[in-house]
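Engineer: sequence first, predicted coordinates after that:
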Amino acid sequence: MKISVLPIVSKLHDDIRINKETKKLLDEIESLGNYNFYLSDKSSFYDSDISLILVQSGGSEGYFLEMEKDLKAPYYLLTYGSNNSLAASMEILSYLKGKGEKAEILHGSPKYIAKRLFEINKKEIVQPINLGVIGKPSDWLISSNVDYKKCLEILNINLVDIEIDELVDIYNNTNVEDYENDTIIEFNPKEVIKAKKVSKALEIITKKYKLEGLTIRCFDLLGKIHTTGCLGLSLLNRDKIIGSCEGDIPAMLSMYFLNKITRQTGFQANPSRIDTDQNEIVFAHCTLPLDMTESYKITTHFESGIGVAIRGKMKKTDVTLFKLSANLKDYYVAEGEIIENLEEDNLCRTQIRIKLNDVRYFLTNPYGNHHIIVYGKHKNKIDQYMNNHL
């Protein structure tokens, strides 16, 4: 494993003594396995498997700022237990985290650092996964823009932009007569065929772009093909391909991580009514995955009254709510319980009332309106995973 090391040090310190301590640390790590360190300058810093910033002393923070424009995430700060190396590294780490950058201090025994280097290298060689963005986020999702570059650097997720007209073209050239679907739907046959064509078109796009999930600016379909993506997204999620609606990228990312962590399908829904006295909240949406239903009816999309949407009955059981923020560094997670299924005419088709310990987050600091709901209690597992990856 080739590892480049870029030293930064305050001029107030004894270079000879510090360099001896540096050599001792690197030699001890190299003795534990296939680790080959070489001192680097900025021009060749990233010509290696892993790039480490060696913080050799206190007072190095200013030197880091001077060279920051030539560096990029992830930032790995190698330190040792003398010369205020760790203290300076903590200051730099705090600065980077405040900017939403991916960074970590490598400090401790040579054995621990060697283990982390192995883990980091293994992670770095993993190819990024692709998630599709069909159209842009809906106009009303004003807090849901995501930095594509940071998404790749921090989450190892490549966001692929796909024109909505490409989906429409595939839809128009799709024949669903031979489209196998085990879902028997007694509803307007003409509308069901259109909905199945959307489902098939989404399936074709996921294969073409090698996607593990997608989000779609679905309201554009109302005018272009006079149907919705509700059933298509429901079936996509049932088949373990992430699908979120309204072009909501943070919701798509949240669904992806929930599926990765819990191996479960998630329901994208938005809060519709909150009871602050009882700490209860009603969530509703039209795209409930069919594998999350106890039973369901087929009806029309709520806002438009056209297309095919799902009115599902969900299990009254423990659930976990999750949402990754658009800045990709914060998230919300809470456990609750579904206590009631509703069927009101003035809300999206699937409606559930959830009991939480505290609903104030939704009124004081929510990460957009859509949140993802999965069955079961998973907060501890989610916290552990996200803290290791953000």
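Structural biologist: Arrived safely, thanks for sending.
Engineer: okay, and the helix or strand of this protein with the least pLDDT?
Structural biologist: The weakest-scoring helix or strand in the chain, judged by mean pLDDT, DSSP states H and E, is helix 15-30 (a mean of 79).
Engineer: so which elements touch it?
Structural biologist: strand 36-39, helix 110-124 (3 or more C-beta pairs under 8 Å, 6 or more residues apart in numbering; DSSP states H and E). Just so you know, the C-beta spots here come from the backbone N, C-alpha and C atoms, and that holds for glycine as well.
Engineer: which one of those has the lowest average pLDDT?
Structural biologist: In terms of average pLDDT, helix 110-124 trails the rest of the helices and strands packed on helix 15-30, at a mean of 83.
Engineer: right, and Y46 touches I3 too?
Structural biologist: No - here Y46 does not reach I3: they are 11.7 Å apart, not a contact under C-beta atoms under 8 Å.
Engineer: and those two? Which one has more around it.
Structural biologist: Using other C-beta atoms under 10 Å as the criterion, Y46 and I3 rank with I3 on top: 22 against 14.
Engineer: now name the helix or strand holding the more buried one.
Structural biologist: Using DSSP states H and E, I3 sits in strand 2-8.
Engineer: outline the domain layout of the protein.
Structural biologist: Split into domains by automatic domain parsing, the chain comes to 2-124, 129-389.
Engineer: what's the most buried one of those?
Structural biologist: Across the domains of the chain, averaging neighbours per residue (mean count of other C-beta atoms under 10 Å) puts domain 129-389 on top, at a mean of 19.
Engineer: name the residues that touch the longest helix seen in the chain?
Structural biologist: Taking DSSP state H as the criterion, the chain has its longest helix at helix 189-208. With contacts defined as C-beta atoms under 8 Å, 6 or more residues apart in numbering, helix 189-208 is touched by 132, 134, 162, 166-167, 170-171, 174, 176, 179, 181, 185, 211-214, 216, 221, 225-233, 235-236, 241, 243, 298, 300, 306-308.
Engineer: let's see which of those residues end up in strands.
Structural biologist: Those of those mapping onto strands are 132, 134, 162, 211-214, 216, 243, 298, per DSSP state E.
Engineer: remind me which residues of the protein are low pLDDT?
Structural biologist: Low-confidence segments of the chain, defined by pLDDT under 70: 11-18, 122-126, 176-187, 301.
Engineer: tell me, what residue is most central in it?
Structural biologist: By C-alpha atoms, centre = their mean, the chain has its centre lying nearest to L253, at 3.1 Å.
Engineer: that residue contacts L324, doesn't it?
Structural biologist: Yes - counting by C-beta under 8 Å, L253 does reach L324; the two are 5.2 Å apart.
Engineer: shared neighbours, those two?
Structural biologist: Residues touching both L253 and L324 (C-beta under 8 Å, 6+ apart): none.
Engineer: contacts only, for T293.
Structural biologist: Contact analysis of T293 by C-beta under 8 Å, 6+ apart lists 310, 312-314.
Engineer: the longest strand in this structure is where?
Structural biologist: Per DSSP E, the chain has its longest strand at strand 331-342.
Engineer: pull that one out as PDB, backbone CA atoms only.
Structural biologist: C-alpha atoms of strand 331-342 as PDB (Å, rounded to 0.1, in the frame of the first residue of the first chain):
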ATOM      1  CA  TYR A 331     -29.500  13.700  10.100                       C
ATOM      2  CA  TYR A 332     -32.700  13.100  12.200                       C
ATOM      3  CA  VAL A 333     -33.600   9.700  13.600                       C
ATOM      4  CA  ALA A 334     -36.300   8.700  16.000                       C
ATOM      5  CA  GLU A 335     -38.300   5.700  17.000                       C
ATOM      6  CA  GLY A 336     -42.000   5.700  17.300                       C
ATOM      7  CA  GLU A 337     -45.100   3.600  16.800                       C
ATOM      8  CA  ILE A 338     -47.900   3.500  14.200                       C
ATOM      9  CA  ILE A 339     -51.100   3.800  16.300                       C
ATOM     10  CA  GLU A 340     -53.700   4.400  13.500                       C
ATOM     11  CA  ASN A 341     -54.400   4.100   9.800                       C
ATOM     12  CA  LEU A 342     -56.500   7.000   8.500                       C
END
